[in-house]
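Visitor: Got a predicted structure plus its sequence, pasted below:
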Amino acid sequence: MLPINIAVVDDEPETETIYAFALRKFIRDKKAHLHYFPGGYELLDFLQEKKDEIKILILVSDINMPNMNGIELIKRIRKDFPYIDLYLSSAYDASSYQEQMKKNNVIDFFEKPVDFDRIHKMIEHKLSVTI
């Protein structure tokens, strides 16, 4: 079984450490690779550069970010990389984004602080269907 690639996009730098710690068992067991990006443009550049080498299968993006918000990012991802499972997160109420999330096939929304039990279940499910 190949490891799944998970991209996390969040403008808060400590997010990388939080996800790496929370997903350490998946990373240690080589079931997942974590890729952190401080913004949407950095992720899009990475996807373009590495599209033949690395396939991101899961994307968790913050909604409220400077330069490119999470809604704009998922629209671009859905158009250019339709195979990526999309998830959004925010510390703020996301009810105003429900229509955009549904329209762009966002699978789920994680309120911050993120419930990593839900993230673990999501990864386990992805691992079980990508065997």
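Guide: Good, I have the coordinates. This is a predicted model, so every value here is computed, not measured. Numbers count the residues shown, from 1 in each chain.
Visitor: tally of neighbours for Pro66?
Guide: The burial count assigned to Pro66 is 9, neighbours taken as other Cβ atoms under 10 Å. Backbone N, C-alpha and C define where each C-beta goes, glycine included.
Visitor: got a list of what Met122 touches?
Guide: 58, 87, 107-108 (Cβ atoms under 8 Å, 6 or more residues apart in numbering).
Visitor: And the pLDDT for it?
Guide: According to the prediction, Met122 has pLDDT 94.
Visitor: ok, now Ser95?
Guide: Reading off the confidence values, Ser95 has pLDDT 88.
Visitor: Might you report the residue contacts of the spatially closest residue to Ala94 that is not a sequence neighbour?
Guide: Nearest residue to Ala94, sequence neighbours excluded (Cβ to Cβ, 6 or more residues apart in numbering): Phe109, at 5.4 Å. Residues near Phe109 by Cβ under 8 Å, 6+ apart: 87-90, 94, 101.
Visitor: Ok, Leu43 next?
Guide: By Cβ under 8 Å, 6+ apart, the neighbours of Leu43 are 7, 9, 37, 59, 61, 73, 77.
Visitor: next one: Val106
Guide: 74, 86-88.
Visitor: among those residues, which are in strands?
Guide: 86-88 (DSSP state E).
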